[in-house]
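# how would this look folded up:
(one chain, ligands or ions: 1)
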Amino acid sequence: MKPSPFEYVRPETLDEALAVLARDPDESKVLAGGQSLIPMMNFRLARPERLVDINSIPDLAGTTTRDGRLHVGARTRHLTLQNTDLPGPLGHLLRRAAVNVGHLPIRTRGTFGGSIAHCDAASEWCLVATLLDAEMTVRSAARGERTIAAADFFQSIFTTAMESDEILTSISLPSLDDGYVTGISEFARRAGDFAIVAATAAVQVKDGVVTDARVSLGGVSEVPFRSTAAESAMLGQQWSPELVATAAEEAAAEVDPPSDTHGDADYRRDLVRALVPRALATTSPANR
Ligand SMILES: Cc1cc2nc3c(=O)[nH]c(=O)nc-3n(C[C@H](O)[C@H](O)[C@H](O)COP(=O)(O)OP(=O)(O)OC[C@H]3O[C@@H](n4cnc5c(N)ncnc54)[C@H](O)[C@@H]3O)c2cc1C
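Model (predicted):
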């Protein structure tokens with residue numbers, strides 16, 4: 001299939017891009033890596049009249065650390081994060097998550113911000129953002145900049161809190177201290193496919209006791225799901241294999257997954273039961 005005809009604009013500054021977008025926001029789309037938008041246009045599931053290509057805007061790419069947070073420019077490629085030399089548990093999680101995003105050509109073009117803006121509930125970056133309470137910075141020509149917490153940002157399938165005249169400029173994540181251990185585990189039928197179910201975890205263990213526990217799940221609801229039941233089960237407890245098994249049971253009992261051609265609700269619940277321990281296995285202090 002070929003897309004409907006569209007106007008293509010490639011601004012070189014963010015202000016220019018925002019001005020073009022402001023002209024007719026509901027008929028325009030931001031083009032980042034094009035790895036989700038272009039297939040949708042080819043299938044005529046999206047028919048924007050104008051594409052605003054942000055690939056020539058230098059400020060939007062790359063990562064910086066300041067004020068205890070990692071700031072990831074929205075058009076930072078998946079591959080950049082796969083190859084990041086960021087030390088510690090956050091760097092570990094970013095590398096492990098990135099390698100699960102599609103295939104190499106997709107990781108070469110696709111962007112961190114594009115995934116977050118696209119808002120697929122099984123997307124690794126949406127899961128990581130939910131897991132770590134990421135903050136999304138967005139900008140419009142009319143209202144300037146605002147920051148949206150992950151809990152408010154992901155609203156439903158392919159729907160975020162961004163307005164159509166806004167561009168996502170950066171995403172910030174907490175720089176986890178060395179007390180944290182992090183992991184991701186997922187199941188897809190074929191390598192490179194979106195996960196049917198995915199689990200990510202970040203657990204802080206001090207003197208053998210869990211002092212912070214975070215678990216997020218993909219493929220079980222319309223948006224990435226924070227398993228508060230699994231987190232509460234671990235918090236304040238002695239870290240042990242039994243605790244991990246309990247957390248997995250709690251997560252499986254808490255989710256209410258959809259059924260579709262990829263797997264019914266019970267199958268997805270079983271995957272949660274299997275994947276939470278695998279994500280936590282990579283976080284085990286013994287494996288650090
Ligand atoms: C075969 C295949 C397998 C894939 N497998 C996976 C997978 O396993 N896991 C996964 O997470 N993804 C997967 N993807 C999707 C891939 O990760 C995309 O890169 C990602 O979903 C979108 O990023 P993009 O930069 O390509 O965005 P685009 O396709 O350019 O844009 C996607 C949407 O986000 C909007 N947008 C993009 N950037 C911004 C911005 N800065 N501000 C405002 N709006 C913006 C666009 O307007 C559009 O609506 C797969 C894709 C393919 C084709």
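
# Near the ligand, which residues of the stretch 1-150 of the chain are found?
Contact residues (C-beta under 6 Å from any ligand atom) of the stretch 1-150 of the chain with the ligand: 29-37, 39, 54, 74, 101-102, 106, 110-111, 113-115, 117-118, 123-125. In this view, the C-beta of every residue, glycine as well, is placed from N, C-alpha and C.

# Quick one: classify the residue of the stretch 151-288 of the chain found nearest the ligand as helix, strand or coil.
Closest to the ligand within the stretch 151-288 of the chain is residue 168: 3.6 Å, counting by C-beta to the nearest ligand atom. With DSSP: H, G, I helix; E, B strand; the rest coil as the basis, residue 168 sits in strand.

# What's opposite it in the beta bridge?
residue 138 (DSSP bridges).

# Repeat that for residue 226.
Assigned bridge partners for residue 226, using DSSP bridges, are residue 216.

# ok, now which ones touch it?
Residue 226 sits next to 130-131, 151, 214-216 when contact means C-beta atoms under 8 Å, 6 or more residues apart in numbering.

# what's the answer for residue 233, then?
Per C-beta under 8 Å, 6+ apart, neighbours of residue 233: 243, 246-247, 250.

# How about residue 265?
256-259.

# Scan these and report the most crowded one.
When neighbours are counted by other C-beta atoms under 10 Å, residue 257 leads the contacts of residue 265 with 22 neighbours.

# For that residue, what are phi and psi?
Reported as degrees, to the nearest 10, the phi and psi values for residue 257 are phi -70, psi 160.

# re earlier: hang on, the residue of the stretch 151-288 of the chain closest to the ligand packs against residue 148?
No: with contact defined as C-beta atoms under 8 Å, residue 168 does not count as touching residue 148 (9.2 Å).

# how about the strands in the stretch 51-200 of the chain?
63-66, 69-73, 135-140, 144-149, 154-156, 159-160, 166-174, 180-187, 197-206 (DSSP state E, counting those that start in this stretch).

# quick one on the thing from earlier: list only those of the contacts of residue 226 flagged as buried.
Neighbour-count burial (16 or more other C-beta atoms under 10 Å) is assigned, among the contacts of residue 226, to 130-131, 214-216.

# Report the two of these separated the most.
Spanning the widest gap among the buried ones among the contacts of residue 226 are 130 and 215, at 10.0 Å by C-beta to C-beta.

# Residue 269 falls within a helix, correct?
Yes: assessed with three-state DSSP, residue 269 lies in a helix.

# Residue 259 is in contact with that one, correct?
No: taking C-beta under 8 Å as the definition, residue 269 is not a contact partner of residue 259, at 10.7 Å.

# thinking again about what came up before, can you lay out the strands of the stretch 51-200 of the chain as TSV showing mean neighbour count?
TSV is the format used below for the strands of the stretch 51-200 of the chain (neighbours: other C-beta atoms under 10 Å):
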stretch	mean neighbour count
strand 63-66	13
strand 69-73	21
strand 135-140	20
strand 144-149	12
strand 154-156	16
strand 159-160	16
strand 166-174	23
strand 180-187	24
strand 197-206	25
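
# can you redo those strands as a markdown table with mean pLDDT and distance to residue 87?
Output for these, formatted as a markdown table (pLDDT from 0 to 100; distance: least, C-beta to C-beta, whole Å):
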| stretch | mean pLDDT | distance to residue 87 |
| --- | --- | --- |
| strand 63-66 | 96 | 10 |
| strand 69-73 | 98 | 11 |
| strand 135-140 | 98 | 22 |
| strand 144-149 | 98 | 26 |
| strand 154-156 | 97 | 28 |
| strand 159-160 | 98 | 31 |
| strand 166-174 | 98 | 14 |
| strand 180-187 | 95 | 12 |
| strand 197-206 | 96 | 16 |
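
# For residue 283, give me the pLDDT.
Looking at residue 283, its pLDDT is 53.

# show me where this protein has helices.
14-23, 37-42, 78-82, 88-98, 104-109, 112-118, 124-131, 150-153, 228-234, 241-254, 265-281 (DSSP state H).
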